[in-house]
Each structure stands twice: as structure tokens, then as C-alpha cells.
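**Q** below are the sequence and a predicted model; questions follow.
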Amino acid sequence: MGKEESIPQWLSRAAALTQKALSEESVITEPADELSDMQEADTSQYLCVTPIKLADVRQAVAAFLVVVRDDSDLKTVRERVQLLSNLLHLSETRLSSLGNLKDLERLRHSMETLAVINRQTRFKGAAMAFCNEVASRWQCERAGIGFLKGKYVQLKAMSHAEDFSRKMKIVRDIELVMEECLDQNVEILSPAPAGFTFICRAADEYSRTYNSQSVLSLPLRSNDEVFAVLTLERPGDRPFNTDEIETLRLVCELCTARLVDLYQHARWIGATMEIKMREFMAGFLGPAHTWSKVVALMCSAVMLFLIFGKGNFRPEASFVLEATEQQVIPAPFDGYIKNVDVEINEMVDENSTVLAELDTADLRLQLAAAKAEMAGYFKQAAAASRDRETAKAQIAQANADKISAQIDLLNYNISRARMVSPITGIVVKGDLKREIGAPVKTGDVLFEVCPVESLRAELMMPEDEIYYIEVGQEGYLATASYPSEKIKFVVERINPMAEVVNQRNVFKVRVRLLESHPWMRPGMEGVSRVTVGKRHYVWIWTRKIINWIRLKIWL
């Protein structure tokens, strides 16, 4: 038989009227004589569809195929169908209200118990009040609460008992029951119900030892960890039911925070510090927040390195290379520059490299005139000697000697017209190629030559760093031209007076270079660092800002 033939026609029509009944929220009636063959004489068939309100169903309808004789019967049927729908909804509402009443009753018990605890300001009083209240509300013969201390549970309060000794056997047995609950982190009920999955050996042994008591243990959790255990006892003929266990579970959830807070504040400071340290170390060494711990460890390592680690303290200063000795080549006589053979920064050899040459034309004319004059004096001296005029002969001879000396001077100056370097070095002054033909006077400085191997450096040390510099300290410098070359030096002298360089006070420190390179030239500048000694890194990197703060806040 096909699916279409298995469904009655009136039921298919009722399904089509479902949406209309839900939207109008009323009973929908429709003639159904042609939809069924069960019609009797003098009767009519009607299809009734009505919406139904159920608690667990979002939308529902009920369909009825009714037989009526007239309109009054149809009206009666409609009223009955509507009444049936309302009664069903009322029944659902009543059942739901009963469930809500149970929840409200459970919450009332929990809040009243919590109010009893909140009236206490010390842990012992709160624990005793909690046990007495629970025992009274649930008609328990005994209620006890124990807190975890180390690896074991210690009974802290018991109903209707102001004081008790932990040496008592019943106290030790109750603690065993509590430890069994704490280890499994579940409620333990003895006698155990059917299908239980927990272990209750200690609870069963306690129940048998103390006249077949019904024993219930509930864990009190703080931060998802069992912190304490509540154990209740009732006669064996009145076991704890499910509703009572649910209510007691809610009571424990609400009262745990207050009890734990009072318990922690009741401990002496040594125990509190020990527990706090244990919790901190457990969280620090545990698997949670891995990246945060890695970052914290790295930051701690950096801080320890900065505080306790030491490194070379090397104050920094600018410097300039200068020559220790310098040869000056002046003009040998008054004259004019004839030619210049060298330029600045050019290497010259000792007594072989010609620097420049002066014009000797005037000197040679003076030399020729002097020679002619000297020859005349020689003739006068000869004639006077022939005429036996001794005085005239001596005067003529003296004049000839005078002219001879002048001739020697002129020859000497002419020989010095070609100026050569007296030392091997580099020309640092003497850019004269643009001054050929210019006049010079005797003693005018034309060239300066500096030997390369005699260079030294002069550091401009800031005044806030000069305190750390001492004679004999070593360091390194690097020029701007060759920053990759580090040249070692040693401090020779510290100028005791400050000078203003680039609008700041500096002390000039003369250092002796322990290395020499062909590319080094006087006047080169760069950066130098003097090795003072070992200091803490935190002091090295913060000394300037600390000194600045001290200077600003000084009164």
C-alpha cells in the first residue's frame, strides 16, 4: 500500500489547516462529509483543529473528526475541544510550577543557611553554626566539616559539640570518610544506591560501626579544587533522597566561599605565607600560561643580568689626530716664487724631494756686479802696492774682502733657492701652486712637513666623564675615514683646565698611539673609547639619567 493511501483524507486536510489554527489561536471547524465514509443518517461530519500549548513543545495542534446532528451540537463540540486544550495547558503549567516551587524551596534553604554563617565573624563560630544549621534542617544526628591540611583532612567542627579531641575514634573514622570523598571529588552516599560508580568502603565501615547510619559526604570546592568535606549522618531508616542531596549540594556551593575565607584568615601568619608561597609556586611551575611565564622568566633573567652582570665601562669622546713634531720650511731670502713641485698631503723624502724653487735672477745680477766690483778693488790694491802706497793698498784689499763676503752670501742664497724637505714625512701646509710669482720675505713659512710615525690623538672628553679617566688607561679609537680599523692607544696627559668646544665643556686628553698606518693623517677625526674597568650594566646604562635627575632635584 502506498504512502498516500495510508493517510486518511480528513487527517491530510487537518494538516493543511494547522497553520491557520496556529495563527488564529482558536478552534477551526470545517465540514468533512466528503472526507470520510463513516457518516450515519441524519448526521454531519466536521473536522476540528485546535492549537495546544505544551511546555516542551514550541507549536502543536490537535485534530478531531466529530459527528453532529445540528449546529447546537457543533457549538458544544467546539466548546469541549477548547476546554480540553485549556485543561492540557493548565496541567502543563501546574507541573512546571511545582518544579519551580522545588527550586525556590531549595534556594530558600541555601540562603537561610548562608545567612546563619554570615552572622559569624570567626571561622570556628561559622563552622559550628554551619554544622548545627545543616543538622537541624535535615534532621541529622551528626554533621561535621573537615578542611584539607597538607595531605589529610582534619575535622574542624561538629554539630552539638563545642569541643572534641582528634584522638577520639569517632573523629578519626569521620576523617577517613571525608578523605575518601576528597580523594574521589564526588558525593559519597552509604548505603550506596544501585548503579553507583564511587568507592565507599570507609563510609560503609563507618555505617556498620555506628548502628547502620545513613552517611552522606559532600565536597566543598574552591577554584575547582576540593578544599573541605561536609559529612552528615541520619538513621538508616531515613536515607537521603535525591532532592535533599541536590539541596545540600547547592548549600555547599553557596557557603564554601565564606567558610574558606574565614578559614584562611584564621590561620597564623606563618601558615598563611607557606600556603600562599605553595600556591604561587604551583601556579608558576604549572603548565598554565606558558608564554606569560616564558616572558616573565626572560624579563627576570634580563633584570638579574643588569643588576649583577658586569661589563667594560668605556666612556666615549671625539678626537682629532695631530703631529707630535712638525718641520717648518721658511723662505731663505727675499724673492719671488718660481715654481712649486709638491701639494698638501703629499709624501716627501729627506733631502731629496724638491718642494719649490725661488727666482734667482736678481741674485745672479747682484753676484755679477759684486764680482766686477771686487776685480776693481784688486786692481786698486795692486797699483797702490806698486806705488808703495801701503795705506791705499790695505784699504783696497779690505774692500775686496768685503765684496768677496757678499759674493759668498749671494752664492749661498742661490744654492738655497731650490728648497728640499729636511725630513721624511707628509706635507701638511704649503698649497702654493696658485701663488707662483708672488713675493716672499725671509722667514715666511712656505711649507710644513709632518712625520707620519709621530702622530698622536687629542680626545675631547665631556666633563661628566673626565672623573673616570686616569693616566695609563688604554682604549681604542676609530676614524671617520676608516671606521673598521680600531687603533689602540694609552692615555699620556690630562689637561686640567676645561675648554669650550662645540658649545660644551670638554677636557682635552692627550693619548699616545700604539699603532701606526700609512693612511693616517693629521687632522683626522673620529670616536674614541677609553677602557676604565668593570662596572654593573645597570649603572653603565643609567648613570647619565640618574646624574641628571640628581642635579635637577638637588636643593
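**A** Thanks, I have it. Just so it is clear, the model here is predicted, and its values are computed rather than measured. Residues are numbered from 1 along each chain as shown.
**Q** please enumerate the helices of the stretch 151-300 of the chain.
**A** Using DSSP state H, counting those that start in this stretch, the helices found in the stretch 151-300 of the chain span residues 169-184, 201-209, 242-266, 269-285, 290-308.
**Q** which one of those has the poorest average confidence?
**A** Sorting those by mean pLDDT places helix 269-285 lowest, at a mean of 70.
**Q** show me how this structure divides into domains.
**A** With automatic domain parsing as the criterion, the domains of the chain are listed as 3-95, 119-278, 327-448, 451-553.
**Q** now do the helices in the stretch 351-500 of the chain.
**A** Along the stretch 351-500 of the chain, the segments classed as helices by DSSP H, counting those that start in this stretch run 361-386, 390-415.
**Q** who are the contact partners of residue 234?
**A** Contact analysis of residue 234 by C-beta atoms under 8 Å, 6 or more residues apart in numbering lists 138, 139, 140, 141, 213, 214, 216, 240. Backbone N, C-alpha and C define where each C-beta goes, glycine included.
**Q** if I look at it, what pLDDT would I see?
**A** 88.
**Q** then the one 5 residues further on?
**A** Each residue has a pLDDT score; the one for residue 239 is 86.
**Q** that one and residue 140: what is the separation?
**A** Separation of residue 239 from residue 140 (C-beta to C-beta, to the nearest Å) stands at 12 Å.
**Q** which one of those two has more residues nearby?
**A** Shown here are residue 239 and residue 140; by other C-beta atoms under 10 Å, residue 140 has more neighbours (22 against 16).
**Q** quick check: bridge partners of the residue lying closest to residue 352 once chain neighbours are set aside?
**A** Leaving aside its sequence neighbours, residue 352 sits nearest to residue 420 (C-beta to C-beta, 6 or more residues apart in numbering; 6.8 Å). Under the criterion DSSP bridges, residue 420 forms beta bridges with residue 354.
**Q** burial check on residue 410, number of neighbours?
**A** Burial measure for residue 410: 22 neighbouring residues, criterion other C-beta under 10 Å.
**Q** what residues of the helix or strand that residue 541 is a member of count as buried?
**A** If you go by DSSP states H and E, residue 541 is part of helix 537-553. Within helix 537-553, the residues scored as buried using 16 or more other C-beta atoms under 10 Å are 537, 540, 543.
**Q** my guess is the second one meets residue 310, correct?
**A** Which is residue 540. No - using C-beta atoms under 8 Å, residue 540 is not in contact with residue 310; the gap is 9.0 Å.
**Q** can you name the element that comes right after the top helix by length along the chain?
**A** Secondary structure of the chain per DSSP state H: the longest helix is helix 71-118. Downstream of helix 71-118, the next assigned helix or strand under DSSP H and E is helix 123-137.
**Q** out of the contacts of residue 234, list just those in strands.
**A** 214, 216 (DSSP state E).
**Q** out of the contacts of residue 234, flag the one nearest to residue 480.
**A** Distance to residue 480 across the contacts of residue 234 (C-beta to C-beta) is lowest for residue 216, with 87.7 Å.
**Q** who's in contact with the closest one?
**A** For residue 216, the contact set (C-beta under 8 Å, 6+ apart) comprises 187, 188, 189, 190, 231, 232, 234, 240, 245, 248.
**Q** what's the closest non-adjacent residue to the first one?
**A** By that I understand residue 187. residue 218 (5.2 Å).
**Q** now do the fourth one
**A** Distances taken as C-beta to C-beta, 6+ apart place residue 203 nearest to residue 190, at 3.6 Å, with adjacent residues excluded.
**Q** what of the last one?
**A** With C-beta to C-beta, 6+ apart as the measure, residue 218 is the residue that lies nearest to residue 248, at 5.8 Å, once sequence neighbours are left out.
**Q** average pLDDT for stretch 215-224, rounded please.
**A** Regarding stretch 215-224, the rounded mean pLDDT is 87.
**Q** report the buried residues of that stretch.
**A** Neighbour counts over stretch 215-224 (16+ other C-beta under 10 Å) mark 215, 216, 217, 218, 219, 220, 222 as buried.
**Q** what does stretch 149-163 give?
**A** In stretch 149-163, counting by 16+ other C-beta under 10 Å, buried: 153, 155, 156, 157, 158, 159.
**Q** export the residues you listed to JSON lines and tack on distance to residue 514 and pLDDT?
**A** Output for those, formatted as JSON lines (distance: C-beta to C-beta, whole Å; pLDDT from 0 to 100):
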{"residue": "153", "distance to residue 514": "78", "pLDDT": "89"}
{"residue": "155", "distance to residue 514": "83", "pLDDT": "90"}
{"residue": "156", "distance to residue 514": "80", "pLDDT": "89"}
{"residue": "157", "distance to residue 514": "84", "pLDDT": "90"}
{"residue": "158", "distance to residue 514": "88", "pLDDT": "90"}
{"residue": "159", "distance to residue 514": "91", "pLDDT": "89"}
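**Q** for those, work out which two are farthest apart.
**A** 153 and 159 (17.2 Å).
**Q** from residue 309, how far off is the closest residue to residue 305 other than its chain neighbours?
**A** Using C-beta to C-beta, 6+ apart and skipping the chain neighbours, the partner closest in space to residue 305 is residue 537 (6.8 Å). When distance is defined by C-beta to C-beta, residue 537 is 5 Å away from residue 309.
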